[in-house]
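K.L.:
Whatever this is, show me its structure:
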Amino acid sequence: MVIVIGYTSCNHNEDISPQETNIENSEKIVLGKKLQNPYSIENMTKAIKKVRPSKLKSEGSLVANFLYVRFLPMNFDEMEILNNDTLLSLYNYPLDYEIVKMGQSYHAPNIPKNQITWQYTVVQSDYTFPSITYEILDYIYIPTKDEYDIEKEALILTNNYNQDTSLHLKADIVPSGQILIQDDVFNKDVPAIRVKVRARNWFRIDNVYTNSEGNFKMTEEFNGPVDIKLIFENEHARIRSTLINITGSADVSVANELKTLYLVLSRRNRNTSTNPIQSGYRNYVDDHVWSWATVSNAIEEYRNICSFYGVGLPSNDIRVWYIEMINLIHLQCLEPLQCFKGV
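P.N.:
Residues are numbered from 1 along each chain as shown. Here you go, the predicted structure:
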């Protein structure tokens, strides 16, 4: 099932700047230098020799347990195959580069703008690759939970260890928090239901969903800060944005946090005097993201209503395409007829 949502806004004798209307152009990811890979077999072997030489004596040479890879889908059908693979957590930028400026999109400079860019991820070493162009960028070893002394040493050896943000001997950072959405009808903040939360530090990637209260807690333990992304998809529906990600689900990078994230997704022009932000929560203001979250919630709430009243449930394969329509003509909205702005 495909649904198209139109978001219409009219201005009241005021200009709309490109920064307000075009999130794709204003929020590009800027990459810096390529970093030394602490998880490569070579660097992990060096770390093990220094802190746990007995491991190599008992096991012999170190064997990769994961692969750092990238895919190059040739068309939307191939991209759909990747999107539907539950074993893949895709990023459209390389995971072993310094990020000078975090944004919402990246396109490899050597890939034509009208083609889908490289998709980066980490897979287990025994992963069965689909018939899509791919490249193994590195064979890597991700230490187990009781091997963080090895991980720390590998980070030190490759100049990637930051004493201010990395733990000394043991990783016990399990990101958690709550995601809320501004309800501008009832003037309150409501839980974001069944939104995917993805956390990443280097090649450790974890995905969980918010619950009915908007709460989440990752299952993976991280050694250092994590990038946190919200992805508006679940087992019932996918929200798709023509502004940022026409081939996959709408997503947004919201934070680089150590442990907790308490976030409210708000619209522009929110009146914080009548609807204040709770203490300890940060206000993420973006009309696009608010729209994705609101539509996602509407689908989940409708399913709950159907279940409560014994009504047949909608399809589990809903695709919602979000399209923004901006009226650039100066308009004067007169009472009682108001300009419509909403989803």
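
K.L.:
so where's the stretch 201-343 of the chain shaky on pLDDT?
P.N.:
Scanning the stretch 201-343 of the chain for pLDDT under 70 picks out the ranges 242-248, 257-258, 324-343.

K.L.:
repeat for the stretch 1-150 of the chain
P.N.:
Within the stretch 1-150 of the chain, the segments meeting pLDDT under 70 span 1-26.

K.L.:
Show me where it has its strands.
P.N.:
2-12, 30-34, 66-71, 97-101, 119-124, 134-140 (DSSP state E, counting those that start in this stretch).

K.L.:
So in terms of bridging, what pairs with the residue positioned nearest the centre of the chain?
P.N.:
The chain has Lys229 as the residue nearest its centroid, 2.8 Å off, counting by CA atoms, centre = their mean. Applying DSSP bridges to Lys229 yields these beta-bridge partners: Arg198, Ser253.

K.L.:
In CSV: the strands of the stretch 1-150 of the chain, plus mean neighbour count and distance to Pro112.
P.N.:
The C-beta positions use only the backbone N, C-alpha and C, and glycine is treated the same way. Output for the strands of the stretch 1-150 of the chain, formatted as CSV (neighbours: other CB atoms under 10 Å; distance: least, CB to CB, whole Å):
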stretch, mean neighbour count, distance to Pro112
strand 2-12, 14, 27
strand 30-34, 11, 19
strand 66-71, 20, 17
strand 97-101, 12, 21
strand 119-124, 20, 16
strand 134-140, 16, 18
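
K.L.:
who does the top helix by length along the chain touch, helix- and strand-wise?
P.N.:
Assignment by DSSP state H gives helix 287-309 as the longest helix of the chain. The contact analysis (3 or more CB pairs under 8 Å, 6 or more residues apart in numbering; DSSP states H and E) places helix 287-309 against strand 2-12, strand 176-183, strand 237-241, strand 260-266, strand 318-331.

K.L.:
Mind listing what's buried along it?
P.N.:
Residues of helix 287-309 classed as buried by neighbour count (16 or more other CB atoms under 10 Å): 287-297, 299-300, 303.

K.L.:
which among those gets closest to Gly177?
P.N.:
Gly177 lies nearest to Ala293 out of those, by CB to CB, at 14.9 Å.
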